[in-house]
Structures are given as structure tokens and as C-alpha cells.
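Trainee: Sequence first, then the predicted structure:
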Amino acid sequence: MELIDLTLIWAAIIGFGVIMYILMDGFDLGVGILFPFAPSETSRDMMMNSVAPVWDGNETWLILGGAGLLGAFPLVYTVFLPALYIGVFLMLAGLIFRGIAFEFRFKANQSRYLWNWSFFGGSLVASFAQGAVVGTYIQGFETEGFVYVGGALDWLTPFTVVTGIGLVAGYALLGATWTIMKTEGQTQEWAYRLAPRLLAAVMAIFVIISIWTPLVDEFVAQRWFGQLHVLWVLPAGAVLLAWIQYRAVQKREEITPFVTTMGIFICAYLGLLVSKLPYIVPPDHTLWDAASDPGSQLFLLIGVLFVTPVILAYTAWTYWVFRGKVTPDSGYH
Amino acid sequence: MELDPLLLSRIQFAFVISFHAIFPVFTIGLAAYIAVLEGLLFRTGNPEWERLSKFWTKVFAVVFGMGVVSGIVMAFQFGTNWSNFAYASANFLGPVLSYEVVTAFFLEATFLGVLLFGRDKVPKGVHLFSAIMVAVGTLISSFWILSANSWMQTPAGVELQNGMFQMTSWGEAIFNSSFPYRFSHMVVASFLTGAFVVAGVSAWYLLKGREVDLNKRALSMCMWLILFIAPLQAVIGDLHGLNTLEEQPTKLAAMEGHWESKAGAPLILFAIPDSADETNHLEIGIPYLASIILKHDVDGVVPGLKDVPADERPPVGPTFWSFRVMVGIGLLMIGVGLWGAWLRFRGRLYDQPLFKRVLVAMIPAPFIAVLAGWFVTEIGRAPWLVYGLMTQAEGLTPSLTGGMALFTLIGFIVVYSVVFAAGLYYLVRIVRTGMEEVEAHDEHPEHHRAKRPFSAADVPLEGDSGAPATAR
């Protein structure tokens, strides 16, 4: 089996799964974050209708990622989860509350405002927790051998608070540009007004994190300023995309803002990966340290290779079926 | 008092898994029932079957949705509270749990939408096929989960190297020695659960005089099923017990309440086990019967708890009593099945009010029996996490403190209470609303409707029962 490095294949699969999750659940979490600020209850109906058919498919990537990590990179799973114990709990609680809100909001009358808050709060908490995970990954984990030995709240630092807020803002931007694409009238106008402000916030935090990261992490500093000058393409790309988006919003284009937001996310994500690789449990453990047995990776790979195209096809089909604008009375009791 | 992260983690896992388990155990049975109804519809074209199927599909949608929501937590709990165990067993458990996700997703994602919303959009045969595939999907899902759990009870196909289980045989690990018994016990339990819930709800409608013909059909089907599979479950349980005797003798000793290993052991009906004094108080037993049941020999030697040191024994009281609750409910189920058969023979299956009231009262019984059964097998495994190879203490997350474990335990209890209260309340509303009103809603098909489990149930959450969901 030495001909192919299964660990690299798995790194690519998990890496792909993570960005799929971020982009897809990102916009529906973003819709939840923007929920209380929407101009009217009808807008909220439309926003929820726009994500209702697809959100649970989006969250399936999270479960797949969790189980896939355990199968392919158990060390990542068994260091990240104990280290982020409280954060993981908050994320799960948030996802449960917003999931239940999807189901019950349209069936509720008097208690509808409760489900609105549950949708907003759950989305906000889950997004912040995920952003904090990113920050914690940059910060690194205190391990002895293959075991996490740090404290329960080690992850909670000023840096991770900023990355948490950063992801909340990023998801909100995804949600706003999604709303531009999927709605019209008053709701779309509101999203058009919101998008540039969120974009400014995202870019500001992007700059703060870019300055801060090499300060908290020598390894990143060395890679950025020492070895890989070509890396500057990625932040430059993000800035360019932000500019395109700014113009597109002014010109009232409907699809470009969402696409460029996804592009910014991809730039930031790739930038993060090339900054840290091959360390997957920083600062001590590489991809290969974290990998499971090749036999297990192969056994799982067979199933994933067979099923992933089906999932992708099914996902694409779902988005195709529910394409186009959402109107106030379409959807979803 | 010092907070013990091990004890709190065990309570937390027990709570989360118990809460989660009641949903799949119901959906597996219900999915099979819906597939049967769709099959009958396909063959006979009788719209009555369609009405029954539509109604129970709505219940299925809600229960399935709650199962998914509560199940998300499970995938993360191994890592948060049992990271040493997760790391050690990742080579086996990782792929098995992933296969559960990908195979179940493959079938459910594709066919649940068609089952829920596609009745008028796809050919009848495709709709039937979807119903069957959803049922098969729930079975495949339980196949992987039961395989993983059985492996923890009777590990095989692995060897422990440097604190990590390395695979030696996938076949032996997946199809380990207790797996066939556990899987069939669980599948039959699911069918029994579905049968008792449908029977109980049908009986309730009959008592109220609603949709009489339809519910007579449903009740009749369920009573046939119960008559045959409740005794079958006892046989499977007995075979499972023999496997436990062989593989996990200490667990069996705790289930039976035997301290001394001895020949001609009695079957203990009642006792208060006392771990400190290593004895039973107020013991009532039938002489020789345990030896006869377990060894098929009056003088067969039945193992006792004292065969192993005190720190390798499970908590005896909970194991002993959970086992009796499970068996007691099982016997009750057989009794209800026979009673139904007797009434049917006399031609009075549908008109004895007492029988119908008993059926209504039996609705929670299968859930209690399933939970009790899980308690027996899981508590009885203590102190082992992977039987004979890794203890619960060894599997615990090293960095976990009692305070953290307590915080999340309380958190999950709060979150799940909200989910459960809302879900149960809503289920009761669906049942109260009944088939008549549900039918009326279906006459206004909505265009472009979202494919979501709960949206299959067009019952408002509040307001008068049966009022159309127009508050938009």
C-alpha cells in the first residue's frame, strides 16, 4: 500500500468536507444570525423558507466530518474535542435549538417569537463556537503524547474571541448575500444595504487576524515571511474579491455578491491550511502522526468513494429543485 | 463532595443514549409498518391503506426528526468524554460509525423525501420502493450501531498494540460473537415497539369511535404481529442470555443475582442485592430453575459474582432490577398477545373495552422494556468499556474535570427536555387531530413545498385541535 499515501488522500477528503460544510451551513447559519434584524415578519418567513429545504443536508457534512475524522485522523478527533469541550457543547446545543426552530416556527402562533429567538441564538452560538475552533487550531493544543492535557477553558483567549466574532461576521455576510440572491423587494433591499457593512467588518477582522496570527504563532510567521512568498496571492485574492463584491452590490447584481463571498472564504481557508500544514494538531503532531491505521483508512475510503458522488449529486439536485426566488407565500408550513 | 468525572460521564452517556434510543427503536418498527401498508396499497389499490399509511407517515416524520436532532450529539460524545477510548478504538469504530452515516444517509436522504412528499409526483411502484428503502435504511443503520456496541461487549478481530486496537479481521470484528443475538433482539424489540404503539393508538381511536373500520384493520394487524413476535423475542432473549453466560459470565451473575458460583442454582424472582455484604436480602427463588434454563441441567454450575474480584463486578442492583423489568414487560406482552388471540377466537377482538384500555396503557411499555434492556447490557458491562480489555476509567478523557462533566450533563438535560417536551406535545396533537382532519389538509396540496421531515405533518402546534394551519 506504499504506492499511494492514503493519509494525503484523507487529508484532501476531510479538507474538502470542511470547506463544503463551512460554505453550505455557513449561509444558513448566517440567515439565522441576521434573523432579528430583518425588516418584517414576512421577510423572516422568506429567509427561513429560502434555507429550509437544504439546511439539514448542509449539517450532514458536519456529522460526516466528525465520523470521518474519527476514522481517518483519530488524534484530531480525540484532541480537539476534549480541548474544546465547552465550545463543542455550546455548538451542539445551538444547532439543536435552531434545528428545532426550523420545525416548529411555522406551526407556532403565539409562541412564534420564542422560536425566532431560538433560531437566532442557536445560530449565533454555533457560529461563534466554530470560529473559536479555528482560532484554537491556530493557537495550538497542549498535548502529552497523544492526549490533550490542557484545561477546559484554555481555548478561550482574546485571539479566539476575535476569530469567533470573525466567523460570525463572515457567516452573516454569506447569509446577507444569499438573501440578496434568493429574495426580492423589501427583504432584498435590506440585504443590499447590509452587505457592504458586513463586508467591511469581515475585511477589518481579516486584517486584524492576519496581523495577529504570526504574532501568536512562530511557525506561521516563519512560513509567511521566510519560506513561501507565493502565499501572498491568497490575501490579495480576498481583497480583490471584496472589491468586486463592493462594486457588484452597488450595481445591484444578484449572484456575484454570494459567489465572491464564497471566494473570500475559500481564500482565507486555503491561507489557513498552507500556513499550518503538515501540522494538523499543532504545535506537535503532523497529519501522519494523527492518522489511523492504513487498513482502516482504506476500508473507509471504499465506502466514501462510492457514496460521496451520490451525496453530491443529491445535494445538487436539491438545490436545483429549490432554485429561484422565494416569495412570501411559497413554501412550507 | 468531590465531583467524579467518571461517574458524571457515565450518567451523561447513559442519559444521552437512552434519550436517543427511544426514537430509532420506534422509527425502525414504524418504517417497516409503513412499508407493509404501502405494499398492501400497491397490491389491492384500496385507499383505506393509503389513509393509514399517510397518518403513520406523519408520526414517523416527527419521530425521525427528533431522532436526528438528538443523534448529532452522539457522534461527538465519544471524543468529548471518552477520548482515550475513542483514540484506542478508532481503527474499528471510526470506519463503522462512518459507514453508518454514509449508508444510512445514502438511503434516507434519497428516499425519505420521496416517501414524505412524492406520493403524487412519482409512480406508485417508486413510492412503494421508497417506503421499503427507508425501512431498509433504518435497519442498516441499526446493523452498524449494534455491531459497534456488540464489539465493545465481545471484542474480536483486533489486537491491542501500544494502547491502540489494530485490526486483524474486519469480518470477525463486525460479526463478533454477540452481534447476531443483539441485532435480532433489537430489531424484534423495534417491531414490538411499533406494533404496541400502533395497537394502542388504534385502540384509543376505537374507544372514541373514530374511523372505526380503519383502526380495526390496524389493530388486527398489530395483534397478529404481537402474537407471533412477542414469544419469538423471549426465545431470542434466551439465546442471547446463553451467549452472555459464555462471554460475560459476571454480567450474567449480576442479572441473575448470584453471588456464589454453584450447581443447582435457583432462579431468583425477588431479592435486594447487597454489594457491601456480597449477599441478597429477602431472596425469593425457584430452586434449580436457573441451572435448568441456563445449562439445561439440574446440576449445571451457574457462575457467581464472587468468581471475580469486587472491583471487576458491575453494579448489581441496577443490573438485577433492570433485567426483571425487561423480562416482566416481555411476559406481559406475550400475555396481551394471547389475550388478543383468545378474544379474536371468540370473535370479540374489537368490542371488549377493557382490552382496548389495556392496549392504550401499554403504549409506554415497549419503550421502558427497551431502556431496561439497554441498562442491563450497558451497566452489566461495567467496569469494562471494552470487555476484558479496557475499563471505563481507562477510556475516560484525561483532561476532563468533574465540573466540566456536570456542566454539560445539566446542559444536555435542559436542551433535551425542551426538545422532548415540544416533540411529545406535538405528537399527541397529531394523534388527537387524527386521520380525518389530516386527510382534509391533504386536499390542498402546496406547490414547491420544502422537503423536511416535520413539514410532512400538517398539524398546527397551537390553537384548536384540527384547525387548519393557516396562521401565516
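Mentor: Cool, the structure landed.
Trainee: mind listing what B:Arg10 touches?
Mentor: By Cβ atoms under 8 Å, 6 or more residues apart in numbering or on different chains, the contact set of B:Arg10 is B:Gln392. In this view, the C-beta of every residue, glycine as well, is placed from N, C-alpha and C.
Trainee: tell me the SS of it?
Mentor: For B:Arg10, the assignment made with DSSP: H, G, I helix; E, B strand; the rest coil gives helix.
Trainee: do the one 5 residues further on as well
Mentor: Of the three states, B:Phe15 takes helix under three-state DSSP.
Trainee: Would you confirm that it contacts B:Leu409?
Mentor: Yes: with contact defined as Cβ atoms under 8 Å, B:Phe15 counts as touching B:Leu409 (7.1 Å).
Trainee: which of the two has more neighbours?
Mentor: Just comparing B:Phe15 and B:Leu409: by other Cβ atoms under 10 Å in any protein chain shown the higher neighbour count belongs to B:Leu409, 19 against 14.
Trainee: What strand or helix carries that one?
Mentor: Assigned by DSSP states H and E, B:Leu409 falls within helix B:402-442.
Trainee: Mutual contacts of B:Phe15 and B:Leu409, please.
Mentor: With Cβ under 8 Å, 6+ apart, B:Phe15 and B:Leu409 have no common neighbours.
Trainee: Stretch B:53-66 and chain A, any residue contact?
Mentor: Yes: against chain A, stretch B:53-66 shows contacts by Cβ under 8 Å from any Cβ of the partner chain at B:Gly65.
Trainee: just how off-centre is that stretch within its chain?
Mentor: In terms of Cα atoms, centre = their mean, to the nearest Å, the centre of stretch B:53-66 is found 17 Å from the chain centre.
Trainee: so for stretch B:256-276, what's the average pLDDT?
Mentor: Averaged across stretch B:256-276, pLDDT comes to 88.
Trainee: which residues are in contact with that stretch?
Mentor: Contacts for stretch B:256-276 (Cβ under 8 Å, 6+ apart): B:253, B:278-291, B:293-294, B:298-307, B:310, B:313, B:315-317, B:320, B:324.
Trainee: buried subset of those?
Mentor: Those of those that meet the buried threshold are B:253, B:280, B:285, B:288-291, B:293-294, B:300, B:302-305, B:313, B:316-317, B:320, B:324, by 16 or more other Cβ atoms under 10 Å in any protein chain shown.
Trainee: from the residues you listed, which ones fall inside helices?
Mentor: Among those, the members found in helices (DSSP state H) are B:253, B:289-291, B:293-294, B:316-317, B:320, B:324.
Trainee: Where does A:Tyr113 sit: helix, strand or coil?
Mentor: A:Tyr113 ends up helix, using three-state DSSP.
Trainee: what about the strands in the chain?
Mentor: No chain was given, so I picked chain A. Ranges of strands within chain A are A:143-144, A:147-148, A:279-281, A:285-286, based on DSSP state E.
Trainee: The intended chain is chain B.
Mentor: B:158-161, B:164-167, B:262-263, B:267-274, B:279-286, B:301-302, B:384-386, B:390-391.
Trainee: Just tell me which of those strands ends up closest to B:Ala148.
Mentor: B:Ala148 lies closest, by Cβ to Cβ, to one member of the strands of chain B: strand B:384-386, at 11.0 Å.
Trainee: as a whole number, average confidence for that closest one?
Mentor: For strand B:384-386, mean pLDDT rounds to 91.
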